[in-house]
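Visitor: output the structure for:
(2 chains)
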Amino acid sequence: MAVLVDSNTRLLVQGITGSAGAFHTRQCMAYGTNVVAGCTPGKGGQTFEDEVTGKSVPVFNTVREAVAQTQANATMIFVPPPFAADAIMEAVDAKVELIVCITEGIPVNDMVRAKTYIEGSGSRLIGPNCPGIITPGACKIGIMPGHIHQVGNVGVVSRSGTLTYEAVGQLSARNIGQSTCIGIGGDPVKGTDFIDALTLFNDDPDTHAVIMIGEIGGSAEEEAAAWIKANMTKPVAAFIAGLTAPPGRRMGHAGAIISGGKGTGQGKVAALEANGVAVAPTPGDMAETLLKVWKGE
Amino acid sequence: MRCALPAALCGMTHPRLTVAPGTPAQPPQLQSFGEPACESNAMKIHEYQAKQLFRDYGLNVPDGHAAFSVAEAIAAAEKLPGPIRVVKAQIHAGGRGLGGGVKVCKNMDEVAAAADAIFGMQLVTHQTGPEGQQVRRLYIEDGADIARELYLGMLLDRETGQIVLMASTEGGMNIEDVAHNTPEKIFKVWIDPAVGLQDFQCRQVAFALGLTGKTVRKAGVFFKKLYEIYIDKDCSMAEINPLVITGSGDVIALDAKVNFDSNAIYRLKDIQAFRDLDEEDPREVEAGKYDLNYVHLDGSVGCLVNGAGLAMATMDILQHYGAEPANFLDVGGSATAEKVTAAFRIILGDARVHAIFVNIFGGIMKCDTIAAGIIEAAKQVGIDRPLVVRLEGTNVEIGRQMLADSGLPILSGADMKDGAQKAVAAAKEYAANL
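Guide: Numbers count the residues shown, from 1 in each chain, chains lettered A, B, ... in the order given. Have a look, this model is predicted:
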C-alpha cells in the first residue's frame, strides 16, 4: 500500500543521460525501482545500461513517445534548471500521473507558469528542489540514501532533504519503519504541499503516524496545523527548522526566508502546538517526540 | 486563501479560488500577507540602476544622475533644472530617509552641503544593522511636483503561486506598518501567468486608489509596464514607495526598489552588470565562488553542514544548548574536498568563531569526501580552534576511520545532540581561555 509509489510504479527518467541523472537512476534501480524508460532529446534510440542489475533501459526523444512505448506512470526529472520547468510541462502533456522534480535552482517565474500548466491536469508534481519520494522496500524515486530506510508505518513529509534523512535515521535506529517518505522541496512555488501529503497519509491504512518537517518562510505549516486539527485521525509530530534564523536572510532554500515578520519558526511552532501537534524541541528529538504521542513512550 | 481586499472586490480579482482538498471552503478574510521586505540573498541593485531600467521600459521617473564623489554630485545637480533637487544615498538597504540618507535641497549650496554630509557616511537604517553601511554612491534627482503619494509593489504570493500586484493609498509610509495596522488599505490583484496583467485588473486597482480621469489609464499603463519588467528581468520583488501622482495627473516613480531571482541571474546579462560587491558581505562573496550557501551571523560556533534544512536545524540545536551560531553554511550535495577546505577557510576567517561543528548526514554527499576535506583543510589552513565532527550516512565508517587515522584533535559527536553539546562546551572553554 503506502502512498503514491509502490512496486507497480513504472518510472521514466527525464535527463537520464546526464551525470547526476545516470548516477541516481542506477541507485534507484539497485534499490529495486522499476525504471522502464529514459528521455533525453536527441538521444532517442539509445539504451541506458545498468551493469549492476544487468538491465537495459530504452531512451526516447520525447516523453509522449516514452509513455506510449513503455506505459511509464511516473517520472523523475534531472534536467538542468534552465530547462526543468519545460520538462515538467512535457510530462504533464504526456499525462504522466506522478512527476518528481529533483532539480534545484529553477527560476521562480518558470515555476509560476509550470504550476498553472499543471492545475486541472491529472498529474501530480512533487518538488522541485526535493530529494524525491520513497516507499521503503518497494520503490525509490529520488536521491535519498535507500539503505537508511525500513519498511513500516510512519509517513514522513518534509521541506528539507537531509533533515528527512535525519528523521528516518532516528526512526530506523529504533527499529521503526516508514510507509512512505515524501520530500516536498524547499522552493516557494511547488507541487504537492503539506496538506496534500497529510491527506494521503490520513487515507492510507499502512500509515499509522506521521512526522512533518517544516522550516521558516511562507505559511504552509500554519495551514497544515489547522488542517490537522480539523481532519487528521493519526498522531503527528513536527519539527520546524530555522528558529534562530534572522529575518530577511534566505537560508539556502529559496523558500526559507522570514519576510516582513511572516514565516517565523516561532509562529509555526505556536500554530502547530495550538492545534495539538507535538513539536520536537531539537532536531535530535523527532523520533522520540513522535513515539511519545503515538505510543505513549 | 487570504485576501486583503474588501469582500466584494475579492471575488472578482481571484481568477480561481482554490481550496486545498478536504479543507472546508472559507470566506476570504481581511488579512494581509507577506509584504515586500529585505531579501538579502536575492540580487539587489541601487535605486539609480532600477530607475535606469524603468526609463528603458518607458516608465516615468524624475530626471537624475548618479555620482561617485561630492564633485560629481554637484556637477550632476547643475545639469538638472531645479531649483529643488534631492540628494539620495545609494545603498542596498531600505529606510534611507529615516537614517538621514536623503536630503531635499532648495539651492545649490544645500546640494553641496548635503552631498558632503552624505557621501562616505556610515548610514544606519533598520535594515543595515547597527554598524551601518558606507555610502559610496549618490543619486541626484530633480524635485517632483507631488499631489499624492501612493504605494505600489509586485511580488510572488506563495499561497497561490502567482505574482500579486499590491497598491495602497498610504504611500511614503512603512508598508509593513500599513499591512499590520490597516490591512484594508492595501489592494491586491493576482496575475494569471497565462494571460498576464489585464486592463480590468489595472482599473480595479486604479479606482481603489481613488484615481480619476486620464490618470486611471496612465496608472494602468504604468502597472502593465512594471509587470513587463518583472517578467522580462525575473524580478523577485519590485516596489515603488512612493508612487507619485503629480499636479498634472501624471504617474511617476519617486523611489524604485527591484530585486532579482538569484536562480535566474544566469540569463540576465544586463542585470549582472549592476552588481555592486561593496554592498555584499565579502565572506558571502567568497563562499559564492565555491558554490557554498553561506550566511554570516554573529555567534561563536561555526557550522559546516550538508543540506539547507539540516544547516538551519544545526543553528537551532546550538542555540538550544546555549551558544549562538556564527554562520549558516550548506556545502550542498556535490561538495568536493576543495569546497570543504574553502568552507573552513571562510569559517576560520571569522575571529569570533570559538569552535566549529561539522554536522553531516551523508546521502549523496559521502562522509569520506567530508573527511578528506577536513584533513586537507587542516593541512592548508591549520585548524586552530576546537573541531567537533558528527558524521552519519553514506560511507560513514570510512570517513570516521580517515579522521581517526589523521591524528587531528577532533572531538567526535555520536549524534546531532551529542555533537552540538560538545561544540557548545568547546566554544565556551575556548572563550574562557582567550
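
Visitor: residues touching the residue in the stretch 151-300 of chain B positioned nearest to chain A, list them.
Guide: Nearest to chain A in the stretch 151-300 of chain B, going by CB to the nearest CB, is residue B:264, at a distance of 3.7 Å. All C-beta atoms are positioned from the backbone trio N, CA, C, and that covers glycine. The neighbourhood of residue B:264, defined by CB atoms under 8 Å, 6 or more residues apart in numbering or on different chains, consists of A:107, A:108, A:109, A:110, B:234.

Visitor: columns distance to residue B:286 and pLDDT on top of those, output as JSON lines?
Guide: Output for the contacts of residue B:264, formatted as JSON lines (distance: CB to CB, whole Å; pLDDT from 0 to 100):
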{"residue": "A:107", "distance to residue B:286": "25", "pLDDT": "96"}
{"residue": "A:108", "distance to residue B:286": "26", "pLDDT": "95"}
{"residue": "A:109", "distance to residue B:286": "29", "pLDDT": "96"}
{"residue": "A:110", "distance to residue B:286": "29", "pLDDT": "97"}
{"residue": "B:234", "distance to residue B:286": "25", "pLDDT": "97"}
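
Visitor: what's the most distant pair in these?
Guide: Distance extremes for the contacts of residue B:264: the farthest pair is A:110 and B:234 at 8.7 Å, using CB to CB.

Visitor: the residue of the stretch 151-300 of chain B closest to chain A: what secondary structure?
Guide: helix (DSSP: H, G, I helix; E, B strand; the rest coil).

Visitor: rewinding a little: quick check: PyMOL command selecting the buried ones in the contacts of residue B:264.
Guide: Buried residues among the contacts of residue B:264 (16 or more other CB atoms under 10 Å in any protein chain shown), as a PyMOL selection:
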select buried, (chain A and resi 107+108+109+110) or (chain B and resi 234)
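
Visitor: nearest residue to residue A:246 other than its sequence neighbours?
Guide: residue B:297 (6.9 Å; CB to CB, 6 or more residues apart in numbering or on different chains).

Visitor: report how many residues lie close to the one you found.
Guide: Residue B:297 sits with 21 neighbouring residues when counted by other CB atoms under 10 Å in any protein chain shown.

Visitor: equivalent analysis for the one 5 residues further on, please.
Guide: Applying the criterion other CB under 10 Å, we find 28 residues in the vicinity of residue B:302.

Visitor: ok so it is a strand residue?
Guide: Yes. Assigned with three-state DSSP, residue B:302 falls within a strand.

Visitor: okay, and the beta partners of it?
Guide: Assessed by DSSP bridges, residue B:302 has beta-bridge partners residue B:356.

Visitor: dump the residue contacts of it.
Guide: For residue B:302, the contact set (CB under 8 Å, 6+ apart) comprises B:325, B:326, B:327, B:329, B:347, B:348, B:350, B:353, B:355, B:356, B:357, B:385.

Visitor: and which of these is nearest chain A?
Guide: residue B:325 (6.5 Å).

Visitor: what helix or strand is the residue nearest to the closest one when sequence neighbours are not counted on?
Guide: Among residues not flanking residue B:325 along the chain, residue B:315 sits closest, at 4.0 Å (CB to CB, 6+ apart). Residue B:315 belongs to helix B:308-320 when assigned by DSSP states H and E.

Visitor: I'd say residue A:47 and residue A:59 touch.
Guide: Yes. Residue A:47 is within contact range of residue A:59, at 6.4 Å (criterion: CB atoms under 8 Å).

Visitor: residue ranges of the helices in the stretch 101-250 of chain B, please?
Guide: B:108-118, B:175-181, B:199-208, B:214-232 (DSSP state H, counting those that start in this stretch).
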